[in-house]
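Student: quick one: sequence plus predicted model below, questions after.
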Amino acid sequence: MGLLNWRSGDHFEHGENCPCTQCGKPTPLRSHAGEPVHKVCAEDWNDRNPSAPRFEHKGRDLGSRRFHSDLPNEKKRKGGAR
């Protein structure tokens, strides 16, 4: 699967660390569904579960439904600049 893009601040819980659902160690990170999970643990789970239902955006595989990347940033530039 590769690396997940979790740049959004929504993946960081400023309150308290909770046990990771995969390794059990404390983490402030959260999946899109709010599960406490380290990003590397989520990436490892995706790699170990290649047949899990996928989340796609415009034909691009963003990971499993459980652990997936943030949607790509699709900013429009002024004047059609690239």
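Tutor: Right, received. Where do you want to start? Since we're looking at a predicted model, the values are computed, not measured.

Student: show me where the protein has its helices.
Tutor: 39-48 (DSSP state H).

Student: give the contact list for the residue nearest to residue 33 when sequence neighbours are not counted.
Tutor: In this structure, residue 33 finds its nearest non-sequential neighbour in residue 66, 7.2 Å apart by C-beta to C-beta, 6 or more residues apart in numbering. C-beta here means a position set from N, CA and C on the backbone, and glycine is covered the same way. Taking C-beta atoms under 8 Å, 6 or more residues apart in numbering, we find residue 66 in contact with 31, 33, 35, 42, 45, 49, 52.

Student: try residue 52
Tutor: 46, 64, 65, 66.

Student: and what of residue 35?
Tutor: 21, 66.

Student: gap between it and residue 67?
Tutor: For residue 35, the distance to residue 67 equals 8 Å [C-beta to C-beta, to the nearest Å].

Student: of the contacts of residue 66 - the most surrounded one?
Tutor: Ranked by the number of neighbours (other C-beta atoms under 10 Å), those place residue 42 first, at 27 neighbours.
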